[in-house]
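Trainee: Okay, predicted coordinates and the sequence, questions at the end:
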Amino acid sequence: VLHDKNRAQSVTAAHTLERLVNGWSQEVGMQRLLVRGVDPALLRSVRTTVVTIGASRGGAAGVLVPLVALISAVIGALAIAIDVTAGERERGSLEPLLMNPVSAWALVVGKWLAVVLASLVTLVGTVTSFSVAGQFVRDESMSAAFQFGLNEAGYTLALLGPFCLLVSSILMLAALFARGHKEAQATTSYLVSLVSIAPSLSLFLSLQDSTWQLFVPVMGQNMLLSRMFRGSPVTAVDVLIPAVVCAVLTTMALFAQTRLLQREAIVFARG
């Protein structure tokens, strides 16, 4: 079989032709054995049979639900995070707001709580829709693969709650560096892409569950949610580590915003 390995079409055609020739060769060999009165089954000394003993859970739902839940937490916080930072500075309402007898830390925390609320509401709506949709699945195989009841919904909310705190603060911090609303949208779009790529990257690279992933935002939450769908055990420490990481990073992001609001170059910069 002659082919040019630098041409994708040539490689595909060559592999197809090779499989056809090998299949034909095997079939002819079996027929020759039958003609001579030899059973072709004698060529197979060992016969294997695959038996699955685990519950039929996960599948596409185990990949789709964690990804959609993570993205919903980000999308819910995105618009408000931009509006309370770059949007207010573009409209010129940030300077009068800072003139009030309120500390910069209290101002940042107040804005952050509003963004967190929007993120949590979006996440709750997404998780609830999955839970309700699972009740209408009538196919037995699909129902076994997509087991998302109240317990799974509560676990998802408990796991992604700290993530909502983190993503809200990170989006606000990123938008604070932008001079206007459009520039903030472009800046934060990279963060949205990162959240959507990280779970897919773990899938394509076939990463095994490891402790280090718990210390990486997005990857830790995605790993634990995937475990839930597979029916694998999840300990309290597994849930606690991502929550602590999110809390520490959230505090750092809020403190950074407080320091930035004390700089004139940040407050008075407009597009």
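Mentor: Great, that's in hand.
Trainee: Check what pLDDT residue 249 gets.
Mentor: Listed pLDDT for residue 249 reads 95.
Trainee: what about it, which helix or strand?
Mentor: Following DSSP states H and E, one finds residue 249 within helix 236-260.
Trainee: could you say what helices and strands that helix packs with?
Mentor: The contact analysis (3 or more CB pairs under 8 Å, 6 or more residues apart in numbering; DSSP states H and E) places helix 236-260 against helix 104-135, helix 150-176, helix 219-230. In this view, the C-beta of every residue, glycine as well, is placed from N, C-alpha and C.
Trainee: CA-only coordinates of stretch 200-213 in PDB, if you can.
Mentor: What follows is stretch 200-213, C-alpha atoms only, in PDB (Å, rounded to 0.1, in the frame of the first residue of the first chain):
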ATOM      1  CA  SER A 200     -12.500  19.800  28.200                       C
ATOM      2  CA  LEU A 201      -8.700  19.900  28.500                       C
ATOM      3  CA  SER A 202      -8.900  17.300  31.300                       C
ATOM      4  CA  LEU A 203     -11.100  15.100  29.200                       C
ATOM      5  CA  PHE A 204      -8.900  15.300  26.100                       C
ATOM      6  CA  LEU A 205      -5.700  14.700  28.000                       C
ATOM      7  CA  SER A 206      -7.300  11.800  29.900                       C
ATOM      8  CA  LEU A 207      -6.100  13.200  33.200                       C
ATOM      9  CA  GLN A 208      -6.600  10.800  36.100                       C
ATOM     10  CA  ASP A 209      -8.200  12.100  39.400                       C
ATOM     11  CA  SER A 210      -5.400  13.600  41.400                       C
ATOM     12  CA  THR A 211      -5.100  15.600  44.600                       C
ATOM     13  CA  TRP A 212      -3.400  18.500  42.900                       C
ATOM     14  CA  GLN A 213      -6.500  19.200  40.800                       C
END
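Trainee: which residues are in contact with that stretch?
Mentor: Where contact means CB atoms under 8 Å, 6 or more residues apart in numbering, the residues beyond stretch 200-213 that reach it are 63, 67, 219-220, 222-223, 227, 232.
Trainee: farthest-separated two in these?
Mentor: 67 and 232 (18.2 Å; CB to CB).
Trainee: Give me the more crowded residue out of these two.
Mentor: residue 67 (20 against 13; other CB atoms under 10 Å).
Trainee: If I look at the most centrally placed residue in the chain, what pLDDT would I see?
Mentor: Centroid-nearest residue in the chain, with CA atoms, centre = their mean: residue 67, separated by 3.6 Å. On the pLDDT scale, residue 67 is placed at 84.
Trainee: tell me which element it is part of?
Mentor: helix 60-82.
Trainee: same for the helix or strand just after that helix, what does it pack against?
Mentor: Reading on from helix 60-82 to the C-terminus, the next helix or strand found by DSSP H and E is helix 88-91. Judged by 3+ CB pairs under 8 Å, 6+ apart, helix 88-91 is in contact with no other helix or strand.
Trainee: Contacts only, for the spatially closest residue to residue 120 that is not a sequence neighbour.
Mentor: Counting by CB to CB, 6 or more residues apart in numbering, residue 120 lies nearest to residue 164, which is 5.3 Å off, once chain neighbours are set aside. The contact partners of residue 164, taken as CB under 8 Å, 6+ apart, are 73, 76-77, 116, 119-120, 123.
Trainee: Output the below-cut-off pLDDT ranges for the protein.
Mentor: Applying pLDDT under 70 to the chain flags residues 8, 52-62, 134, 136-147, 203, 205-207, 264-271.
Trainee: Good, we can wrap up now.
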